[in-house]
Every structure is written in C-alpha cells, then in structure tokens.
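Visitor: Okay, structure incoming, though there's no sequence with it:
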C-alpha cells in the first residue's frame, strides 16, 4: 500500500482521473455532452479522453440538452452507465423536463421495475464574471426533487471519489461542480478512490458555532473559520457533500455541540437550500439553539457582470465572519 | 448600571450630574443611583466626552444596562449612532424625586374639554405589558435546570437575547429564584422606610446565604495594645487636630499587612473554588444611624500607609452616614473588618459577607489586668476575632493570621 504517497494535483485532474477510472472499470460507462470529445470539455475536464478511449465512449453531442439528457436516460434504461456532462447548470434548465419528469420518476412510475442509473455532471455557481445567465447556483432546485440524489464535491478527495459511487447508485445522481474549484490545487493520496455519497463531513472542528456549507463556499467558510480562530471564536465547518438526501444526523450533531449555526450558501436566500437547512435545525435541535440560525447567501439580484458588483453579491469571507460574530454575540 | 454590591440586581437612576457633550476626567461623578441600600454616586472610569444619556432619571433598570455612552479619549472619532436604550424600563418606575411632576398620559389632542361632571375619570396609568424576555431556547432550558428566573439577567447574545452563558454567569452570581418578588412590586415611592426595609432584606439575603453556604470557624485572641496606644498618643500629640489618628486606622493597617502571611483569608469563593485576591480591598462595616449596615471598601489597603488609611476611613464613614457612597466605595471587598467597640462589647464573632471568605472583628478596647513577667499590671487590650471559611482555610492558618495581626500591633512604628 502506498497510502502515504501523495500527489500534487488539481480538482480538474482529480475529476478527469475519476472519469478515466470509471471508463476502465466498467465497459458500460461512457461520456457524452457538448464539446466533451474533440474540444476536451468546456472546462477541460475530459481533455485527452477521446484519444485514450475513442469516439464510441467519449461522445460529442448536438447542442440540445433535452435531447442528449433524454438519450442518456434511454441508455441507462438500456443497461448502460452513462456520464452525461451538461456544460453548466444554467443550460440544464433546457433538460429540466427530462431530469425531473423522467429520470426522477421512472422508478416510481414503473412500479419499481425501471431504475435509471444515470450520472449527470454539471458546473454550477458564479465568481468568474460570466454574468447573469451563466452564474446560477440552482442545485437547491434539484435538491427539492424526490428521485434524485444531488452531490457537490468540494474537495480533491470528493472530486476523485464521488463519481464511481454515483455510477454504482441504481438511480440518477447529479454532480454539481462549482466553476471556481477546477483550478484548486492540492495534495491527493496516490491511491485515492471511491468515497461515500451519504454523509456530511466536518472539515474543521470547533465549539462555538457551526458553519454549514458545501461546494464553492467551503473554501470561503474555512477561511472565515481561520479568521475567527484568530479572534478566539472556534467555528466548526460542516461540508454537506450530499444535498439530497441531506445528512440531517451529522448536521444536528454538530449544532447540538456548538448551539449556533450560520448557513453559507451561494444560492439565493428565498426558498433555498439554506432555508431547508435552517428549518431542519429548528425542527431537530430547537432546544439546543443559543441563537437564531443565520444565513449568508447571494444577494437576490441577477448576478452582476462587473467584478466588484459580483464580489459584493456573493458570500465572502468577511460577511461569513461577521455573521458568525453576530450569532456568537460579539458586538462589533 | 454598575453593580454596586454583590447582591445588587437593579438600580434606579436618580439624577444625571453630566450633560451630553460634557468632557469628563476619570473619577468624575456622573450620576446618582439608588440601590436598595443607599444612594450612590457613580464615578466614571475613563476620561472622555459624554455622547448620549440613555436612561431617564427615575428609571429602574437591571445591572448591566448601558446608562450613557461616553467616547473615551482613546477611541477614534466616530459619527454618533443613536442607540435606543435596549432594555425597556420597568412599568411603574417610582416617581423620581418630589419636585418632578407626576407623568400623566396626555389626553388625545382632538378631545373636547371634559365636562366638569366627570373630573374623576382620569385615564388609568398606562400599564405597559411586561416585555417578553428574549432568551434562546438553550438558555431557557438551562435556566429551568438551574431553577433560575430570567428576569434581570443581561442578554449578550444576538439582539440582546439571553444566552446559556448569561444564565450560567447569573447562576454563579446567585441570581434570584423565580419565586422572588419582582423588584418592581416594591415600594411605591423611594421613601426612607422602604429603603430601610430593602436594606434589611438585602442583609437578610446575604447573611442567610453566608450561614447556608459557608462553614464558618471562629477564633479569638486578646491583644495587648499598650505599645500601639502609647505610640498613638505620642504621635497625636505632635499632630494638628485634623491629622490625628484613631486606633482603628492601626487595626486596619495591621490587618491588611497580616494578609501577606496568610493569603487564604483574602479573596472570594465562587463557583466551587477559592480565588485569592492580589490586593487587599478592605471592607469596613459601618453601622448606620437609625439602623442598617454598609461595608464600603478601602481599595488596595495593603499599599496605603496609616495616614492615608485614616483619611480614607474618615471620608468613607462620612459618606456612608450621609447615605451617599461612591461607586468605588462599594466595589467588592476581599476581606471585611467589623468593630463593635463603640457599642461596648468586648468581642464580635461576625458572619462572613459572601463571596468573601473571612471577617475580622475587633471589640472594645478595655483596661484589664495583664500579667507581664510575673507581675500584674493594667493594660489596654482588645479582643480580635476571626470568622473564616473552612472550605478555604483551617483553624491553624486562621491562628497564624490573628497572631500576625497581634505581632504587627506590637511594633506600631513599623506599621
């Protein structure tokens, strides 16, 4: 075992390695989506895979999300294990009918006869000056829908490990990759492999409050926790990892320890995943709460293009720290 | 509202001695506050400028309520942000002092002059509903576990809500059980008899707690005062009248210095642990004319020579008897001295004032036959006693402490 051996890599490479690993493990696995083949993927995740695995398994599709997601569902029903890449969550709206009305419901509608073992990967989130039509964080919408499993890898381990576990799930799994994470560099165990897609993870333990987050805001929350630690506030950082079904047990355990929570979510506040998390805490840990649950979300505006406005609209380290101080009762 | 005594939960602001915009030096007296025990002048601990007065005279507020905002010299000039007083005043604030006219709800402006036939139908004074106490679910649960009421606990959480920590802090201070009468239900007017009754209750609470919680032990020794009295007479003979010393100053000085040898008698016992004090803040029990008792503290008594102790003793007694102590007078003492010599008794075995852990008593100075080297002669003697907390010290250490006082009184010139 070379468990000690660690390699320098990026989130993008870890994700590519996960796809390569899946293609090697299972001949039923194939990749399809816009520009995944010859172009190497809009975010270069699939670069080099066409050359390695050939056009049968790395398939460029027409620009029709509804068509190629539907084809993916059909392939899954037919016994294949498709990995469908939708360029971004913004374009997934064109495939909403296929995802919500078909992929999510067929098991139920067929009386348990038809599983849809489909994995859909897509980029989500803002922060790259792509303006209002290319910066949505709509994973919370999908997390609303029974029949889907929603995961949000935020670390190299999860980028490398979640895909295979998702492919093994007999039902549809949507993987949300935050666009700012692809370039994230770090060390990964050389033998890193599949990880669970059921449990939330404590990324930093703390006793004074829980910062509950996932995906693109995990890094910001960890930075905020480090800042708070320098002020004597020990924030626990909880990475939800799986947005549906939510790991309520780990969430409630954390809040029961710290008695305070700040939910950090890049989605808009109203009717959001952060609202769901806040409600779960209230339902399950009301008598443990020493302060109202606070939320740090994106401003409720179409995402601005201008950098300073976009930065102002998104959750940032300073705002997370400020919310944390307020629930702890530190008056600034 | 400063805590002007370990048992103080509420205070009534009687009057402001400053105005917004006024410059203050550290130590200035800014307000007069009525506790249950006395009217006390509140001093300011930082130099700066008064930005805003947040509490109206005549308002009764819990300890910890901001009374005023003062921008200290150290702070950068910031635009004034008006902060409304966070704590709602208690409904029936006792009308401040006689000259202030009673506040009556104004009739609606549109109302026609009332017919003379209905003069008595004055609107009832608006009884504001008791404001809901904002406390976190966890704080409420914890308070219930501790059998504690939330009234009067200062909230430090978001929006001023009471948190678990606030409850636990209040519990450590010995906050009232929920059954205790709400402070607002007391005296309709802040008259002298009510003050006296309130003081009686405060003393009762402190002494009952002392006897309930503190395992007292008692020691006594008789001290030959001839050297001290002789030194005092010689010293006073050459001093102008205002600078003359009383024996009491020597007794205080000897006590403060003896602490050095037995630090277990100086400090506080709270939350199950003794915390020794670094300095000796010597409480001096003063009986008030007409009944009652206060024990203002002389700060850092171990560092003050006899002359200074004498001056401060004289001043604090004057203020106590006038019923106007200062906030620094009533800051917590670490050890208290009581003396009933004036009343003619020879010994006093006192009750410790919690959370302190000891009390030193001095009786009357009397002439008694005293055997010295086989001969009997008349000497002035005093009986010194020690009541001490057996959780913190044992009889042996207590004896060492009393001997240390005696030894120091034998060489008064060294005091």
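Guide: That came through fine. This is a predicted model, so every value here is computed, not measured. Residues are numbered from 1 along each chain as shown, chains lettered A, B, ... in the order given.

Visitor: from what I can see residue A:257 touches residue A:207, true?
Guide: Yes - shown here, residue A:257 and residue A:207 form a contact pair, counting by Cβ atoms under 8 Å, at 6.8 Å. Yep, even glycine has a C-beta here, placed from its N, CA and C like the rest.

Visitor: any shared contact partners between these two?
Guide: Shared contacts of residue A:257 and residue A:207, defined by Cβ atoms under 8 Å, 6 or more residues apart in numbering or on different chains, are found at residue A:236.

Visitor: ok, the two, which is more surrounded?
Guide: Set side by side, residue A:257 and residue A:207 show more neighbours around residue A:257, with 16 against 12, by other Cβ atoms under 10 Å in any protein chain shown.

Visitor: Does that one lie in a helix or a strand, and which?
Guide: For residue A:257, the host element (DSSP states H and E) is helix A:248-258.

Visitor: Any part of that helix near chain B?
Guide: No - residues of helix A:248-258 contacting chain B under Cβ under 8 Å from any Cβ of the partner chain: none, with a closest distance of 9.9 Å.

Visitor: in that helix, what's buried?
Guide: A:250-258 (16 or more other Cβ atoms under 10 Å in any protein chain shown).

Visitor: As a markdown table, those with pLDDT would be great.
Guide: Shown next, in a markdown table, are the buried residues of helix A:248-258 (pLDDT from 0 to 100):
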| residue | pLDDT |
| --- | --- |
| A:250 | 98 |
| A:251 | 98 |
| A:252 | 97 |
| A:253 | 97 |
| A:254 | 97 |
| A:255 | 97 |
| A:256 | 95 |
| A:257 | 95 |
| A:258 | 96 |
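
Visitor: what pairs with the top strand by length along chain B, and is each one parallel or antiparallel?
Guide: Criterion DSSP state E: the longest strand present in chain B is strand B:375-389. Next to strand B:375-389 in the sheet, as set by DSSP bridges, lie strand B:216-224 (antiparallel), strand B:358-362 (antiparallel), strand B:366-372 (antiparallel).

Visitor: closest one to residue A:174 among these?
Guide: For residue A:174, the closest of the strands paired with strand B:375-389 is strand B:358-362, at 71.4 Å, according to Cβ to Cβ.

Visitor: which residues sit against that closest one?
Guide: B:251, B:255, B:265-266, B:335-341, B:347-353, B:382-389, B:392-393, B:398, B:401, B:405.

Visitor: Can you pull the phi/psi pair for residue B:172?
Guide: phi -60, psi -30 (degrees, to the nearest 10).

Visitor: hang on, the earlier thing: quick check: of the buried residues of helix A:248-258, which lies closest to residue A:158?
Guide: Nearest member of the buried residues of helix A:248-258 to residue A:158, counting by Cβ to Cβ, is residue A:250, at 15.0 Å.

Visitor: from what I can see that closest one touches residue A:239, true?
Guide: No - with contact defined as Cβ under 8 Å, residue A:250 does not reach residue A:239; the gap is 9.8 Å.

Visitor: Find the residues that touch each one of these two.
Guide: A:200-202.

Visitor: Now for the residue in the stretch 101-250 of chain A that chain B sits nearest to: which residues touch it?
Guide: Evaluated by Cβ to the nearest Cβ, the stretch 101-250 of chain A has residue A:208 as its residue closest to chain B, separated by 10.7 Å. By Cβ under 8 Å, 6+ apart, residue A:208 lies in contact with A:228, A:233-235, A:258, A:260, A:328.

Visitor: circling back to that earlier point, need the shared contacts of residue A:250 and residue A:239 in JSON lines with pLDDT and distance to residue B:211, can you?
Guide: Converted to JSON lines, the shared contacts of residue A:250 and residue A:239 look like this (pLDDT from 0 to 100; distance: Cβ to Cβ, whole Å):
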{"residue": "A:200", "pLDDT": "98", "distance to residue B:211": "54"}
{"residue": "A:201", "pLDDT": "98", "distance to residue B:211": "55"}
{"residue": "A:202", "pLDDT": "98", "distance to residue B:211": "50"}
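
Visitor: filter the residues you listed by proximity to chain B?
Guide: Applying Cβ under 8 Å from any Cβ, the subset of the shared contacts of residue A:250 and residue A:239 adjacent to chain B is empty.

Visitor: show me where pLDDT drops low in chain A?
Guide: A:1-3, A:331-332 (pLDDT under 70).

Visitor: Residues contacting the longest helix along it, please?
Guide: When chain A is parsed with DSSP state H, its longest helix is helix A:11-25. With contact meaning Cβ under 8 Å, 6+ apart, helix A:11-25 is reached by A:9, A:29-31, A:43-49, A:52-53, A:57, A:81, A:83, A:121, A:153, A:156-157, A:159-164, A:167, A:177, A:181-184, A:188, A:192-193.

Visitor: Go through it and flag the buried ones.
Guide: For helix A:11-25, the neighbour count (16+ other Cβ under 10 Å) marks A:11-19, A:21-23 as buried.

Visitor: Centre-most residue in chain A?
Guide: residue A:152 (1.7 Å; Cα atoms, centre = their mean).

Visitor: In the stretch 101-250 of chain B, mark out all the helices, start to finish.
Guide: For the stretch 101-250 of chain B, helices defined by DSSP state H, counting those that start in this stretch occupy the ranges B:137-146, B:164-173, B:192-213, B:226-237, B:247-258.

Visitor: before we move on, what about the stretch 1-150 of chain A?
Guide: Under DSSP H, counting those that start in this stretch, the stretch 1-150 of chain A gives helices at A:11-25, A:49-53, A:65-77, A:89-92, A:96, A:106-109, A:139-142.

Visitor: how about those helices in TSV, adding distance to residue B:138?
Guide: Below are these laid out as TSV (distance: least, Cβ to Cβ, whole Å):
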stretch	distance to residue B:138
helix A:11-25	38
helix A:49-53	52
helix A:65-77	46
helix A:89-92	38
helix A:96	42
helix A:106-109	41
helix A:139-142	28
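
Visitor: So chain B: which segments form each domain?
Guide: Annotated domains of chain B cover B:10-127, B:137-196, B:215-414 [automatic domain parsing].

Visitor: What's the mean pLDDT across the longest one?
Guide: Okay, so that is domain B:215-414. Domain B:215-414 carries an average pLDDT of 90.

Visitor: distance between the ends of that domain?
Guide: 35 Å (Cα to Cα, to the nearest Å).

Visitor: again with the second one
Guide: When the termini of domain B:137-196 are compared using Cα to Cα, they are 39 Å apart.

Visitor: about what we covered before: of the strands paired with strand B:375-389, which stretch is the most buried?
Guide: Most buried of those, by mean neighbour count (mean count of other Cβ atoms under 10 Å in any protein chain shown): strand B:358-362, with a mean of 26.

Visitor: between that one and helix B:247-258, how many degrees?
Guide: 150 degrees (axes from the mean of the first three to the mean of the last three Cα atoms, to 10 degrees).

Visitor: residue in the stretch 151-300 of chain A nearest to chain B?
Guide: residue A:290 (4.3 Å).

Visitor: ok now do that residue, which residues does it touch?
Guide: A:259-260, B:136-139, B:157, B:163-165.

Visitor: Return the item of those residues having minimum pLDDT.
Guide: residue B:157 (87).

Visitor: surely that one meets residue A:291?
Guide: Yes - at 5.3 Å, residue B:157 counts as touching residue A:291 under the criterion of Cβ under 8 Å.

Visitor: Need the overlap of contacts for those two.
Guide: A:327, A:329, B:136, B:163.

Visitor: so where do the strands sit in the stretch 51-200 of chain A?
Guide: A:58-60, A:81-88, A:119-124, A:149-151, A:173-178, A:185-189 (DSSP state E, counting those that start in this stretch).
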